[in-house]
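**Q** I would like to see how this sequence folds:
(chains A and B)
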Protein chains: 2
Amino acid sequence: MTSAEYSPLARKLLAFVALSEVELAVLKRLHQRRRSFVAGRDMVHQGQSAQAAYVLSSGWVCSYKLQADGSRQIVDFQVPGDFLGLRSVLLRTSDHSFEPIVDIEAVEVLTADLLDAFAQTPRLATAVLWAASRDEAMVVEHLVGVGRRDADARMAHFLLELGSRLALVGVGSRNGFNCPLTQYHLADTLGLSAVHVNRVLRQLREHGLLTFRDGRVTFHDYGGLVDLADFDPAYLDQTGPLLK
Amino acid sequence: MTSAEYSPLARKLLAFVALSEVELAVLKRLHQRRRSFVAGRDMVHQGQSAQAAYVLSSGWVCSYKLQADGSRQIVDFQVPGDFLGLRSVLLRTSDHSFEPIVDIEAVEVLTADLLDAFAQTPRLATAVLWAASRDEAMVVEHLVGVGRRDADARMAHFLLELGSRLALVGVGSRNGFNCPLTQYHLADTLGLSAVHVNRVLRQLREHGLLTFRDGRVTFHDYGGLVDLADFDPAYLDQTGPLLK
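**A** Residues are numbered from 1 along each chain as shown, chains lettered A, B, ... in the order given. Sure thing, here's the model as predicted:
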């Protein structure tokens, strides 16, 4: 296979483990149950007992928790190559909901198939553990953002993280990325009001740092954004395979 | 082995996987490098390239991130049976710091030994992936707490979670648990000031819900706390092994 033929998940895992042809074939066999989901309708509900996880092939999904008072905290967004509900498989009930932001394509992965694949290739299990660790590191950054970063730095950090994640699977760069998120998504992610999100984006634009317009985030001053956000991408661990 | 002889990590993993004697023996062999660390001195620094992870045998540790402005966000606390720095092994650099809150005992686990153990017993890899997923689910709850819960519910949720975690490894119950945390730890965890923490704890005590005094959290009205916090422990997944 050439790299263009790899699934986004394979591209992502290859950043951590130099998977062999055999291991890539095991991974490919997990990609048989293709599913489509329409935008705006939950794929997995909070509290649902799920027996399947998904790997996102194309599109964007958000994972969120609703509180009893109806307020929503978006935990993270999933982009191509990301697992959806891997925790739900392992923890039996989903601790949050998943909603496609646009129409998406995903692959359903049954628990039994995943465990079989791990038994065949323990290095694949390690690679998935790496991906889960990276997902957790992102949630940690979101916690630090909401808890400790001011609104400008919080927004800049979040958009830089998304840019790096998308670049890893070939759909983003230091120039920017296509982005279907609304200001309401950003508000529920960052713990800001939609009005505040609007003001922060205007400030970042007026300072020549970035523009978010017409479904595209454009980085005008990548270095300036990194400084503002104190962004250290080490937690995304994209510097080449650790396991040869 | 009888259950009293199991390490806290084995007790925790047994909640998820009915590990065989052989698998327990592999786990036990990981427990050879015993280390002691004194309270208040970082074991792992943010940004450090670590080649070892630890499993906590006794005591409490906090994991935190410092911001450039000196403010601190505590991400989580580790109690016996928890991994410290598992992500640092997989992600190469530690994305946060670990500080013992009291003098602790821990076991050092080398990356190579962990990967060897996974290759020998893929079910152990799955169990560790479960533990990592559970850790992530806790960070998600902390994000929701800081982002969306009011101060009383945030505190109640956090202390109920700690109680459940400690009960799993045999050092807590629905009556309460011994707790070495200060009001400063609680403040840096919950995104509150120490004065606010003090007021919240007084309110919870005056409403007959819980007392935190002299190093002990006592639950007076467990059901009332669960209602206040909208606490659903499903994310801690402690209801018996999924993998037989």
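**Q** contacting residues around stretch A:213-220?
**A** Stretch A:213-220 has contacts (Cβ atoms under 8 Å, 6 or more residues apart in numbering or on different chains) with A:159-160, A:162-163, A:174-180, A:208-212, A:225. Where you see a C-beta, it was placed from the backbone N, CA and C, and this is true even at glycine.
**Q** outside of stretch A:43-54, which residues touch it?
**A** Outside stretch A:43-54, the residues touching it (Cβ under 8 Å, 6+ apart) are A:35, A:37, A:61, A:65-66, A:83-86, A:88-89, A:92-100, A:106-111, A:114, B:232, B:234.
**Q** end-to-end on that stretch?
**A** By Cα to Cα, to the nearest Å, the extent of stretch A:43-54 from end to end equals 10 Å.
**Q** just how off-centre is that stretch within its chain?
**A** Offset of stretch A:43-54 from its chain centre (Cα atoms, centre = their mean, to the nearest Å): 17 Å.
**Q** just the mean pLDDT for that stretch, thanks.
**A** Mean pLDDT, computed over stretch A:43-54, is 74.
**Q** domain parsing for chain A?
**A** The record's domain split for chain A, according to automatic domain parsing, is A:3-121, A:139-236.
**Q** any chance of TSV for the ones you listed, columns mean neighbour count?
**A** TSV is the format used below for these (neighbours: other Cβ atoms under 10 Å in any protein chain shown):
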stretch	mean neighbour count
domain A:3-121	18
domain A:139-236	18
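**Q** which of those domains has the lowest mean pLDDT?
**A** What stands lowest among those, in mean pLDDT terms, is domain A:3-121, with a mean of 86.
**Q** on that earlier part again, which of the domains of chain A sits closest to B:Val169?
**A** domain A:3-121 (17.7 Å; Cβ to Cβ).
**Q** and that closest one, how far from the chain's centre?
**A** Mean-position distance between domain A:3-121 and its chain equals 10 Å (Cα atoms, centre = their mean).
**Q** can you give me the helices for chain A?
**A** A:8-13, A:21-29, A:86-91, A:111-120, A:122-148, A:151-168, A:183-190, A:194-206, A:222-229 (DSSP state H).
**Q** so how far is chain B from the residue sitting nearest the centre point of chain A?
**A** Geometric centre of chain A, nearest residue: A:Gln78, 3.3 Å, by Cα atoms, centre = their mean. According to Cβ to the nearest Cβ, to the nearest Å, A:Gln78 stands 14 Å off from chain B.
**Q** quick one: contacts for that residue?
**A** Contacts were defined as Cβ under 8 Å, 6+ apart; by that measure A:Gln78 touches A:56, A:60-63, A:84, A:98.
**Q** these two touch, right, A:Asp42 and A:Ser94?
**A** No: under the criterion of Cβ atoms under 8 Å, A:Asp42 is not in contact with A:Ser94, lying 10.0 Å apart.
**Q** nearest residue to the residue nearest to the centre of chain A in space, please, no chain neighbours.
**A** A:Val61 (4.2 Å; Cβ to Cβ, 6 or more residues apart in numbering or on different chains).
**Q** and A:Arg123, what pLDDT?
**A** For A:Arg123, pLDDT reads 82.
**Q** for the residue lying closest to it once chain neighbours are set aside, give its distance to A:Val146.
**A** Spatial nearest neighbour of A:Arg123, excluding adjacent residues (Cβ to Cβ, 6+ apart): A:Val17 at 5.6 Å. From A:Val17 across to A:Val146, the span is 32 Å (Cβ to Cβ, to the nearest Å).
**Q** repeat that for A:Gln183.
**A** Applying Cβ to Cβ, the value for A:Gln183 to A:Val146 is 17 Å.
**Q** what's the answer for A:Trp60, then?
**A** Note on A:Trp60: its distance to A:Val146, by Cβ to Cβ, is 21 Å.
**Q** what do you get for A:Met43?
**A** Taking Cβ to Cβ, one finds A:Met43 at 25 Å from A:Val146.
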